[in-house]
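In: Sequence first, then the predicted structure:
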Amino acid sequence: MTTDTTAAGPAEPPETPVRGGTKSPRALAWERRRHSAARFWRQYRTHRAGVVGLAALVLFALLALTAPLTVGADVQSVTDAPGGPMEEPSGEFWLGTDQFGRDLFGLVLWGSRVSLLVGLLAAVLSVLIGALVGITAGHFRGWYATVVMRVTDWFLVMPTLVLAIALATVMSRSLLTIIVAIGVTSWPTTARLVRAQTLAVESRPYIERARALGGGHGHVMTRHVLPNVMPLVLAQTTLMISSSILSEATLAFLGLGDPTLVSWGGLLQDAREAGAVSSGNWWYLVPPGIAIAVVALAFTLCGRAVESVLNPRLGVAR
Amino acid sequence: MTADATSAPVDRAEGPAPAAPPIRGPKARTRTAYLRYVAGKLGGAAVSLLAVLVTSFFLFRLIPGDPVKFMTGGRQVSAEQLASYRREFGLDLPLWRQFTDYCGKALTGDLGTSYQFRTPVIDRITEALPNTLLLTGTAFVLYTALGVLLGTRSAWRNGRLGDRLNTGLALTLYSIPSFWLGLLLIIVLAVGMGPIPGLFPTGGMESGGQEGLAHVLDVAHHLVLPVLTLVAVEYGQTLLVTRSALLDEMGSDYLTTARAKGLRDDLVRRRHAVPNAMLPTVTLIFVNLGRTVAGVILVETVFSWPGLGGLFYQALSVPDLPLVQGLFFVFAAAVIVMNTLADLIYPLLDPRVGR
């Protein structure tokens, strides 16, 4: 349903002629792109939830990027921890300390770097695979598409979390493992969406014109299909980051993350292992969870706003 | 195709086709079309199940290290003992023989022997399955009902305060990691915090030593927090899908007609809009039913619920290959079976599908 209707959105002229031929100068194309970007922003601004989500993201991104200046890597050092074990929140330690006496506020700030990085990269990997599979399966019909879509369907029925856990167990414990485990298991939805959109685009007459003028497979896919699929891919990426961050937290909580790095999911695992649950040390558990929820929610809000700008029929509440 | 479309659902609801009708009228054609559709879906499901079986075998062979070492748990053992373990679990055979053995046994319902429990994997699974079904079944019924109910109300009041609160809350809960919510609930409601006493058990399924009604009540008491966690994180998706499906129907002409007839708003919604909007929701409900079985891994781990999810986590940490393999197969099979059921039921609900 979503895919059929999005076909109407990005089909408008300003986004299609990406260097369509020698006639239109590059400057003209750039001007059109700028206009469509400005129009996109004007519409995006009217979605209040989307703006709130974006603001939260900018804030978290700034905090994560400046973390080396504000807290520094020695926040995770167990040996010279500044406080006593399991101290309650105070003026000195805003969120209290963990079982080693490390500052939890600093750890949560520092952990945002891994959580955001893994979320971003896993989502990008997942959407890249999905877009590649979707575009090629939509462009080359015949046995290639049949085989590829069978594989996609097979991945679609696999319980994603179970498969990701299995992959993370099989590979060595590292950041890359988590990224690959999430990215490799979550692409099929994107592939299906992109394929449907590709089929819709390729049935338009201008693709036939491009072929008649001698455009090859590569030309049609990169110059005509890709620009039309991009908005969908963008929205999908935003939504995917949200679920990737949740998956990262889940895998880290199950002890499958890199034990040398601090992440929000890893902090929650530490808290559970240190007995924070049974001794009621809520300050150890609450902040990482809230951070995960806020960032995941912010990406979801942004993704929904992007989606509804591109596809007004969805009727997302503003 | 057009003429018989209206009579088709009634026709199919009668059950299995009677002996071949003498004249192949339009009804017979739709019936064979449906049977062909069913055969196609069942064939696809069988292929998927086979693919899962193959994957479950090879995926976990990739775990580095010697499985026999895991079995002995680091104890000092002689070479003869290692060899006898190998023979016991068929690990001395070449990989292709292990594979054909595994497939052959799996077809007869034998999924191998667990390394850590030394009992057939299938026994562990059948032991844990009822517990998982109790947990997921209860949660599933509750979150589906809640999601559909709030989703319809939300769509009907699209854009108003109630809708925005509803959607906002659903999106927020949807972004919360289930295990974190579970831990918080344990801290606040089970361990007790400040003035709040510990109202519920922190984990497990029963306190033990009770009979009859007391036992049932005890299990229900243990069930509250895990179910609450599952419902909270899962109902949002059903709500959002129901809502957007209903919003798609809202502008339809037949709703205007129904209102023009003078029907009350409530009846327009219940009798006309909701049945049509339920179609996409039904698919989601079935997909959810399959997914929840695998999705409980975290909730079961957090609440020490003796189900399949907890067993999977436990088996992974050994790692107990046959058990992990078997559970992986069960989780994937649950999704495949439920998806196929949804595919089979869908054309009965929506005659446009499956021709």
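Out: It's in.
In: The helix ranked longest in chain B packs against which elements?
Out: The helix spanning the most residues in chain B, taking DSSP state H as the definition, is helix B:212-250. Under the contact definition 3 or more C-beta pairs under 8 Å, 6 or more residues apart in numbering or on different chains; DSSP states H and E, helix B:212-250 sits against helix B:121-156, helix B:161-174, helix B:178-185, helix B:274-295, helix B:297-302. Quick note: C-beta positions are derived from backbone N, CA and C, even for glycine.
In: Nearest to A:Thr185, out of those helices?
Out: The stretch from the helices and strands packed on helix B:212-250 with the least distance to A:Thr185 (C-beta to C-beta) is helix B:274-295; that distance is 12.2 Å.
In: Give me the contact status of the closest one with chain A.
Out: Yes: counting by C-beta under 8 Å from any C-beta of the partner chain, contacts between helix B:274-295 and chain A involve B:Pro280, B:Gly290, B:Arg291, B:Ala294, B:Gly295.
In: hey, C-alpha coordinates of stretch B:273-292 in CSV?
Out: As requested, C-alpha coordinates have been extracted for stretch B:273-292 and formatted as CSV (Å, rounded to 0.1, in the frame of the first residue of the first chain):
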residue,chain,number,x,y,z
ALA,B,273,-15.7,0.8,8.4
VAL,B,274,-14.0,-1.6,10.8
PRO,B,275,-14.6,-4.9,8.9
ASN,B,276,-13.0,-3.5,5.8
ALA,B,277,-10.2,-1.9,7.6
MET,B,278,-9.4,-5.2,9.5
LEU,B,279,-7.9,-6.8,6.4
PRO,B,280,-4.4,-5.5,6.7
THR,B,281,-4.6,-5.9,10.5
VAL,B,282,-5.4,-9.6,10.1
THR,B,283,-2.2,-10.2,8.3
LEU,B,284,-0.3,-8.4,11.0
ILE,B,285,-2.0,-10.3,13.7
PHE,B,286,-0.9,-13.6,12.3
VAL,B,287,2.6,-12.4,11.6
ASN,B,288,2.7,-11.2,15.2
LEU,B,289,1.5,-14.6,16.5
GLY,B,290,4.5,-16.2,14.9
ARG,B,291,6.9,-13.5,15.9
THR,B,292,5.9,-13.3,19.5
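In: Give the buried residues for that stretch.
Out: Along stretch B:273-292, these residues count as buried under the neighbour rule (16 or more other C-beta atoms under 10 Å in any protein chain shown): B:273-274, B:276-278, B:280-281, B:283-292.
In: Tell me how far it lies from the chain's centre.
Out: Using C-alpha atoms, centre = their mean, to the nearest Å, the mean C-alpha position of stretch B:273-292 is found 13 Å from that of the whole chain.
In: Other residues contacting that stretch?
Out: Contacts made with stretch B:273-292 from outside it, assessed by C-beta atoms under 8 Å, 6 or more residues apart in numbering or on different chains, are listed as A:1, A:159, B:136, B:139-140, B:144, B:148, B:151-152, B:155, B:230, B:234, B:237-238, B:241-242, B:245-246, B:248-250, B:252, B:255, B:334-339, B:341-342, B:345-346, B:349-350.
In: Likewise for stretch A:121-137?
Out: A:144-145, A:148-149, A:152, A:178-180, A:182-184, A:186-195, A:197-198, A:221, A:225-226, A:229, A:233, A:236-237, A:240-241, A:243-244, A:247-248.
In: quick one: the helices in chain A?
Out: Secondary structure of chain A, counting by DSSP H: helices at A:2-6, A:26-45, A:48-70, A:104-139, A:143-157, A:160-170, A:175-185, A:188-202, A:205-212, A:217-219, A:226-253, A:264-273, A:282-310.
In: now for these, which one comes closest to B:Val330?
Out: Judged by C-beta to C-beta, the one of the helices of chain A that comes nearest to B:Val330 is helix A:160-170, at 9.8 Å.
In: Model confidence at whichever residue of the stretch 51-200 of chain A sits closest to chain B, what's the number?
Out: Residue nearest to chain B within the stretch 51-200 of chain A: A:Pro159 (3.6 Å; C-beta to the nearest C-beta). Per-residue pLDDT puts A:Pro159 at 77.
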